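Asker: Task: produce atomic coordinates for the following.
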Amino acid sequence: MGRVLELGAGTGNVTKALLQRGYTVTALENNPFMLDKMCAKKLDQNRRLTINLESAESLDLIDQDNFEAAVAVNAAYAFDDPLGCFRNVAQLLKPNGVFVLSTTHSETDLDPLLKAIESHLKATGTFKEKEEHYRRWSK
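Answerer: Residues are numbered from 1 along each chain as shown. Purely as a prediction, here's the structure:
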């Protein structure tokens, strides 16, 4: 199975599900309290798990072009610079890698991020090529 980068791993609920599905996971979490909760689940005993006590926005220590996927479940609202973080994630993904994010916070405003992505795609001349994908998740 592939390698997954998990941003804002929290107490390890998603981490556990990824490991159960056979993925190798690099989990990033900057809150020691959350990591204590994850360790209580004994996930750290799995050889396919690497846990880093660092911010999801501090990705410069991670090997580039190394992950098939990245996930950020209920974490993006807490990023100081979500667009910068997402650009960094793109550098860490293998070609055709997938980045999945979700949030349960209704007050999270993704419009500025979506507009910045659209502007970037248009500025680089790749919007038409990627428009279908952009429209699918920007609804």
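
Asker: use CA for all of it now, contacts and neighbours both
Answerer: OK.

Asker: In a strand, R47, correct?
Answerer: No. Remark: R47 does not belong to a strand; assigned using DSSP: H, G, I helix; E, B strand; the rest coil, it is coil.

Asker: Please tell me how far it sits from K122.
Answerer: 42 Å (Cα to Cα, to the nearest Å).

Asker: same question, L19
Answerer: L19 is 37 Å from K122, by Cα to Cα.

Asker: what's the answer for A70, then?
Answerer: Distance, A70 to K122, using Cα to Cα: 24 Å.

Asker: cool, R136 as well?
Answerer: 17 Å.

Asker: The two - which one has more neighbours?
Answerer: K122 (14 against 8; other Cα atoms under 10 Å).

Asker: what secondary structure does that one sit in?
Answerer: On the basis of three-state DSSP, K122 is classed as helix.

Asker: Phi and psi next, for L93.
Answerer: phi -90, psi 140 (degrees, to the nearest 10).

Asker: Ok, the one 5 residues further on next?
Answerer: The phi and psi torsions at V98 (degrees, to the nearest 10) take the values phi -120, psi 140.

Asker: What is the burial count for it?
Answerer: Around V98 there are 15 residues (other Cα under 10 Å).

Asker: Now do the same for it: its pLDDT.
Answerer: Per-residue confidence at V98 stands at 89 (pLDDT).

Asker: for it, what are its contacts?
Answerer: 68-70 (Cα atoms under 8 Å, 6 or more residues apart in numbering).

Asker: By neighbour count, which of these wins?
Answerer: A70 (24 neighbours).

Asker: Can you report how many residues neighbour the residue lying closest to P32 once chain neighbours are set aside?
Answerer: Leaving aside its chain neighbours, P32 sits nearest to L53 (7.2 Å; criterion: Cα to Cα, 6 or more residues apart in numbering). Per other Cα under 10 Å, the neighbour tally for L53 reads 14.
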